[in-house]
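Participant: mind folding the following:
(chains A, B and C)
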Amino acid sequence: MAKTNPGRFFEDYTVGETIDHAVPRTVSGGERALYHALYPARHALYSSDAFAQSCGLPASPLDDLAAFHVVFGKTVPDISLNALANLGYAEGRWLRPVYPGDTLRSSSEVIGLKQNSNGKSGVVWVRTKGENQRGETVMDYVRWVMVRKREAGSAAPEAIIPDLKPVLDVSDLVVPEGLDFTGYDFTLAGEPHRWGDYEVGETIDHVDGVTVEEAEHMMATRLWQNTAKVHFDATLREDGNRLIYGGHVISMARALSFNGLANAQMIVGLNGGAHANPCYSGDTIRAWTEVLDKAETGAPGVGALRLRLVATKGGEPFTLKGEDGKYLPHVMLDLDYWALMPM
Amino acid sequence: MAKTNPGRFFEDYTVGETIDHAVPRTVSGGERALYHALYPARHALYSSDAFAQSCGLPASPLDDLAAFHVVFGKTVPDISLNALANLGYAEGRWLRPVYPGDTLRSSSEVIGLKQNSNGKSGVVWVRTKGENQRGETVMDYVRWVMVRKREAGSAAPEAIIPDLKPVLDVSDLVVPEGLDFTGYDFTLAGEPHRWGDYEVGETIDHVDGVTVEEAEHMMATRLWQNTAKVHFDATLREDGNRLIYGGHVISMARALSFNGLANAQMIVGLNGGAHANPCYSGDTIRAWTEVLDKAETGAPGVGALRLRLVATKGGEPFTLKGEDGKYLPHVMLDLDYWALMPM
Amino acid sequence: MAKTNPGRFFEDYTVGETIDHAVPRTVSGGERALYHALYPARHALYSSDAFAQSCGLPASPLDDLAAFHVVFGKTVPDISLNALANLGYAEGRWLRPVYPGDTLRSSSEVIGLKQNSNGKSGVVWVRTKGENQRGETVMDYVRWVMVRKREAGSAAPEAIIPDLKPVLDVSDLVVPEGLDFTGYDFTLAGEPHRWGDYEVGETIDHVDGVTVEEAEHMMATRLWQNTAKVHFDATLREDGNRLIYGGHVISMARALSFNGLANAQMIVGLNGGAHANPCYSGDTIRAWTEVLDKAETGAPGVGALRLRLVATKGGEPFTLKGEDGKYLPHVMLDLDYWALMPM
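Facilitator: Take a look at the predicted model:
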């Protein structure tokens, strides 16, 4: 017993400390192929070395969300093993593409703590950083989770709530070195719509649906070495359901959004996200997008779109919250991100 | 809505036009490993670099059917998104092995059109070509599909029906450069039977069966970036069944045929094929083969066998059609192909 | 019929003969990624090139059990196609890590035969060897199986029962060339416990559980090109269950044992193993370990632990056999192995 990891409780965090997460990971063409087998991912820049090279990159990178999942997965044993809820994301930035052969590791700085009024749990804010084998940061993001206390009666720490940007400014975004969309091949990419064709407020129903299976979400979640028990052990809940990793829904919705956003090639910013309702095996995931903002990046031919990506299981597209301000039961994900698109 | 791909309708095709399909794909050892995880594939030339090198190739290629699936998958958004039926294949040739690191793209020339007498749909013939990153054609084949018309009343195009060979002649087949079976290792390949041991008219029951699962066929179909909704969305049909991609059945049957045809190493020609009845999760796929023809290729030690490969779900082996000339309900696939075998 | 492999019967084995198994296999990053997708494998040395290099290896090898499965899978068509039971393992040694790009082949020497008293079957002992493309042995092990006789009345061979070590001595173990744990990074590995922290007799409940699915165990079993029908064909048994390959349970249990044994990095010896009860889809696999012995290896910073790894489906941890000396129904695997751990 003593040798297994019980996870951290709310009392175990101190603002300012840095936690180095275990199990670094080298990625290869294997992770790429599995990503394409698990999600209907078709963005050309992540599918073809030749296409990526025509956009100024040395090769086709690992999908941005795959990089996120690898970095995120390492944090689970230290941050969310005793989490009661994953509350939010902010200030997420992709800083450098990840290529086959790269080795990723993660660390998190505790940047905020606030005990809940019930005295039984508290909110922990961390800024997580993923680094490659050269010590270069490939991405960072803030996440906050509600974590159980070890003892309900223990003393509360001083409440420190970090000051987080509700939305990243375009000047916060990092365009990968060398990226150049001036010679972009719209035919090979799959759709003719460019940055100028999208308007703020526009909504897109991505039309397709995928009914998810236990074997798939478990393979995906394991691939990222995310070990949270609820995803794997059908005996944990009375209803026998395994809770699907929220990141699985993110990747599925993003892949579905190809149909209408084939040229929103690279994700560079994560402004926020809510896992509104749980996803279970047998649910059919659909997605719709709303264009929230547009900006130029200064890189050659590269524009940025701020997009709200919503994943649902049934229900009308473009419906999100009820009159009470709460997410409707069919909404599983509400994600706010910045993507790069040819101008 | 306007930004998603509605697919082409019968009226949208013109004989002579070439359609460049989107989303080129770089393949790696990941696709190879997944092919072996998804199908009981054991042909030694596609399993071992050392074996392939002993046969004169630079390395072990991607399975010929994997190459076919990649090339085929790209055509779906342009050719068969609104297809009512996949009617047939002809004149399929594998012209050059595909190796890890290669990037494939596809294009199709419309070579025939014929409106159906009901005025609601028509048949479209295309010759599809897969090319690698050096612009070399790796395979080409003809496929014809029945496609819905956008408007039932629209004018019919002039009927043009291409003149297709019912069977490729051995002189049409391309033996990969350098292929030499004179030093072939039958022990490592798994069976002693060589070209001379097979007789025209001989039938082989491949004995083994595989019960298929939703997670597997969806992973396979996504890996080839085939996005036809019927394979993924369980809400589309009243019975809740997802229709399994016909290519999944082809690959399963071919892999099962190892048991009795372990030395039918490379597929070089596709004479024709019919997806006789649909396949669903829970079906147990079996396979049998009939030797249709034999020929010498002129390459050192390399013979060719023309084989009929039939995939079934139950039923007696070697039964194919009823008295009415229609495929029996347990027959899922009737494929006619040329394979290379040591003499 | 004549061309498919009927498998060998008891009469077909002769003590002293060597059987070269078919279908050599080149492994890549694809097999690595799939191993991580199929099992919750997190041992850092098999996850990160950089970590492996910090331990003196050239790169991160393929998981030791993946290497075992590849070597084992090739033996199935020759050894266990007509097996009634897989009776045991002994004297298994991992002699050299397997790296992406290596090509493995297997051969088995028949080292023992004993007809059963019922005259219908017999026990066959083989020593199987896996070799890489340079002819270096990467592992060897003894396995014995009960095999059906072709004819009940045929003559019995002279009974020869090999003299097998019940446990490998530490001097039998081979530490990979260059392995050095003196600079071992316990933080990156995931746990602080080193060799000195484990005591003989200590038991560890690995806490986590995984509910297994048909699609997963079939993908795993196919990946190792293990073709035993019972794993794939749901029509073979009256209850419609597919029997899960025992190696799937071994890999799952070993991966679960990370939680408490994160530093038991490399498997170097297999003393014995029993597949106590079958595993079916829907079972939730758990694992516990007992420390059986400890030894120093002489390599820098490298200790060895002899571990009993038990996989269960429910039931109390640390329970194994009933009063009748038989395995309790919830016990699926009882494995005895040597692992290397930093001192």
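Participant: which residues does the residue in the stretch 51-200 of chain A that chain B sits nearest to contact?
Facilitator: With C-beta to the nearest C-beta as the measure, the residue in the stretch 51-200 of chain A that lies nearest chain B is residue A:190; the distance is 3.4 Å. In short, each C-beta sits where N, CA and C put it, glycine included. Neighbour list for residue A:190: A:42, A:44, A:258, A:262, B:5, B:22, B:23, B:77 [criterion: C-beta atoms under 8 Å, 6 or more residues apart in numbering or on different chains].
Participant: for those residues, which one is nearest residue B:65?
Facilitator: The nearest member of the contacts of residue A:190 to residue B:65, counting by C-beta to C-beta, is residue B:23 at 19.4 Å.
Participant: any idea how far chain A is from that closest one?
Facilitator: 5 Å (C-beta to the nearest C-beta, to the nearest Å).
Participant: where does that residue land in three-state SS?
Facilitator: Taken by DSSP: H, G, I helix; E, B strand; the rest coil, the conformation at residue B:23 corresponds to coil.
Participant: I figured it hits residue B:75, correct?
Facilitator: No - if you go by C-beta atoms under 8 Å, residue B:23 and residue B:75 don't touch, sitting 10.8 Å apart.
Participant: leaving out chain neighbours, which residue sits closest to the residue of the stretch 51-200 of chain A closest to chain B?
Facilitator: Using C-beta to C-beta, 6 or more residues apart in numbering or on different chains and skipping residues adjacent in sequence, the residue nearest residue A:190 is residue B:22, 3.4 Å away.
Participant: let me know the pLDDT of that neighbour.
Facilitator: At residue B:22 the predicted local confidence, pLDDT, stands at 98.
Participant: same check, this time on residue A:1
Facilitator: 50.
Participant: need phi/psi at the residue of the stretch 51-200 of chain A closest to chain B.
Facilitator: Note on residue A:190: its backbone torsions stand at phi 110, psi -10 [degrees, to the nearest 10].
Participant: do residue A:204 as well
Facilitator: When quoted as degrees, to the nearest 10, the phi and psi of residue A:204 stand at phi -130, psi 120.
Participant: and stretch A:30-47 with chain C, contact?
Facilitator: Yes - counting by C-beta under 8 Å from any C-beta of the partner chain, contacts between stretch A:30-47 and chain C involve A:30, A:31, A:33, A:34.
Participant: and that stretch, how far from the chain's centre?
Facilitator: If you compare the mean C-alpha spot of stretch A:30-47 with that of the full chain, they lie 16 Å apart, counting by C-alpha atoms, centre = their mean, to the nearest Å.
Participant: on the three-state scheme, residue A:230 is what?
Facilitator: Secondary structure, three-state DSSP: residue A:230 is helix.
Participant: would you mind listing what in the stretch 201-343 of chain A touches chain B?
Facilitator: So far as C-beta under 8 Å from any C-beta goes, the stretch 201-343 of chain A lies against chain B at A:204-211, A:213-216, A:259-262, A:282, A:284, A:314.
Participant: residue B:23 and residue B:75: which is more packed in?
Facilitator: Counted by other C-beta atoms under 10 Å in any protein chain shown, residue B:23 and residue B:75 do not tie: residue B:23 has more neighbours, with 24 against 21.
Participant: skipping adjacent residues, who's closest to the more buried one in space?
Facilitator: The spatially closest residue to residue B:23, leaving aside those adjacent along the chain, is residue A:42, at 4.9 Å (C-beta to C-beta, 6+ apart).
Participant: quickly list what residue A:105 is bridged to.
Facilitator: On the basis of DSSP bridges, residue A:105 is bridged to residue A:131.
Participant: just to check, it is in contact with residue A:130?
Facilitator: Yes - at 7.3 Å, residue A:105 and residue A:130 qualify as touching, with contact defined as C-beta under 8 Å.
Participant: residue A:299: neighbour count?
Facilitator: With neighbours defined by other C-beta under 10 Å, the count for residue A:299 comes to 20.
Participant: my guess is it meets residue A:178, correct?
Facilitator: No - contact criterion C-beta under 8 Å: residue A:299 and residue A:178 do not qualify, at 9.1 Å.
Participant: what strands flank the least confident helix or strand in chain A by mean pLDDT, and is each parallel or antiparallel?
Facilitator: Taking all helices and strands of chain A together, the one with the lowest average confidence (mean pLDDT, DSSP states H and E) is strand A:83-94, at a mean of 94. Pairing partners of strand A:83-94, with direction, according to DSSP bridges: strand A:137-148 (antiparallel), strand A:266-275 (antiparallel).
Participant: dump those to a markdown table, plus distance to residue C:170 and mean neighbour count.
Facilitator: Below are the strands paired with strand A:83-94 laid out as a markdown table (distance: least, C-beta to C-beta, whole Å; neighbours: other C-beta atoms under 10 Å in any protein chain shown):
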| stretch | distance to residue C:170 | mean neighbour count |
| --- | --- | --- |
| strand A:137-148 | 42 | 22 |
| strand A:266-275 | 50 | 23 |
